[in-house]
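Novice: Requesting a structural model of the entry that follows:
(one chain, ligands or ions: 2)
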Amino acid sequence: MIKIAPSILSSDFGRLADEIKEVEAAGADWIHIDVMDGRFVPNITIGPLIVEAVRPQTGLPLDVHLMIEEPDRYIPAFARAGADWISVHQEACPHLDRTIHLIKEHGARAGVVLNPATPAEVLKPILPELDLVLLMTVNPGFGGQAFIPRVLKKVESIRRLLDQEGLSDVEVQVDGGINPETAKTAARAGASVFVAGSAVFGKEDREKAIRSIRSAAET
Ligand code: DX5
Ligand code: ZN
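Specialist: Ligands and ions are numbered 1, 2, ... in the order given. Reported below is the predicted structural model:
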């Protein structure tokens, strides 16, 4: 089943609670929260305090994308703050197996993210431990960048590896430059969860924005 996860990075932070309620009413499935530390990526955004503040504002799952170095130091705090899904970058985790277990021990579902230049094969040994694989379709750090079509081959590879191992329930998420056109190509390649920042929060009519991404992904 297709899921749409609006990224609050492109929302109006002065009205964050209202923005979240609006996309929930408009048909969003998850709320995507981009955490950046100014080291792993050049930008700084959100900490566990904001996740805790957002938690009572919505019934939707909170999907926390950690773009930070040494994520093990903060996973317990994000889980306590109410994260339902926590994803870490493979590139930031020298002990990925340990990090995945840490996420699960704290009661969250575990995802691993690959930057555009990281090959699918690095995840092969750990796929059975994962609930989600996130393939970045831009270089992480900012909203509003252009989708990198080259990543579609990697979406296909991950979907194939999962199917081969009987792990078809693992979500394959794409993030960056997602709009109705790119969502359609990513869905054909095997993506099941679509993160969209500017293509949802940048539009006046959020309901229409979410509906058009969903219908493009479903065709
Ligand atoms: C980029 C973030 C994305 C970002 C997507 O580093 O991980 O979630 O908000 O924004 P758009 O959809 O505008 O590319
Ligand atoms: Zn993200």
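
Novice: contact partners of stretch 37-53?
Specialist: With C-beta atoms under 8 Å, 6 or more residues apart in numbering as the test, stretch 37-53 has contacts from 9, 16-17, 33-36, 62, 64, 67-69, 74, 77-78, 80-83, 89, 91-92, 140-142. Where C-beta positions appear, they are placed from N, C-alpha and C, glycine not excepted.

Novice: what do you get for stretch 156-163?
Specialist: By C-beta under 8 Å, 6+ apart, stretch 156-163 touches 120-121, 123-124, 127, 133, 135, 168, 170, 172, 189-191.

Novice: Extract the C-alpha set from that stretch and format it as CSV.
Specialist: C-alpha atoms of stretch 156-163 as CSV (Å, rounded to 0.1, in the frame of the first residue of the first chain):
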residue,chain,number,x,y,z
GLU,A,156,14.7,-1.5,-8.2
SER,A,157,17.7,-3.3,-6.7
ILE,A,158,16.5,-3.0,-3.1
ARG,A,159,13.0,-4.1,-4.0
ARG,A,160,14.5,-7.1,-5.9
LEU,A,161,16.8,-8.0,-2.9
LEU,A,162,13.8,-7.8,-0.5
ASP,A,163,11.6,-10.0,-2.7
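
Novice: what is the rounded mean pLDDT of it?
Specialist: Confidence for stretch 156-163, expressed as mean pLDDT, is 98.

Novice: Buried residues in it, which are they?
Specialist: If you call a residue buried by 16 or more other C-beta atoms under 10 Å, then stretch 156-163 has these buried ones: 156-159, 161-162.

Novice: Show me where this structure has its strands.
Specialist: For the chain, the strands defined by DSSP state E occupy 3-6, 31-36, 62-67, 85-89, 109-114, 132-136, 171-175, 193-196.

Novice: for ligand 1, what are the nearby residues on the protein?
Specialist: Within the chain, the residues that sit near ligand 1 (C-beta under 6 Å from any ligand atom) are 7, 9-10, 32, 34, 65, 138, 140-141, 143-145, 175-178, 195-199.

Novice: Out of those residues, list just those in helices.
Specialist: 198-199 (DSSP state H).

Novice: overlap between the residues of the chain next to ligand 1 and the residues near ligand 2?
Specialist: 34, 65, 175 (C-beta under 5 Å from the ion).

Novice: Using JSON lines, lay out those residues together with neighbour count and pLDDT.
Specialist: Below are those laid out as JSON lines (neighbours: other C-beta atoms under 10 Å; pLDDT from 0 to 100):
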{"residue": "34", "neighbour count": "24", "pLDDT": "98"}
{"residue": "65", "neighbour count": "28", "pLDDT": "99"}
{"residue": "175", "neighbour count": "26", "pLDDT": "99"}
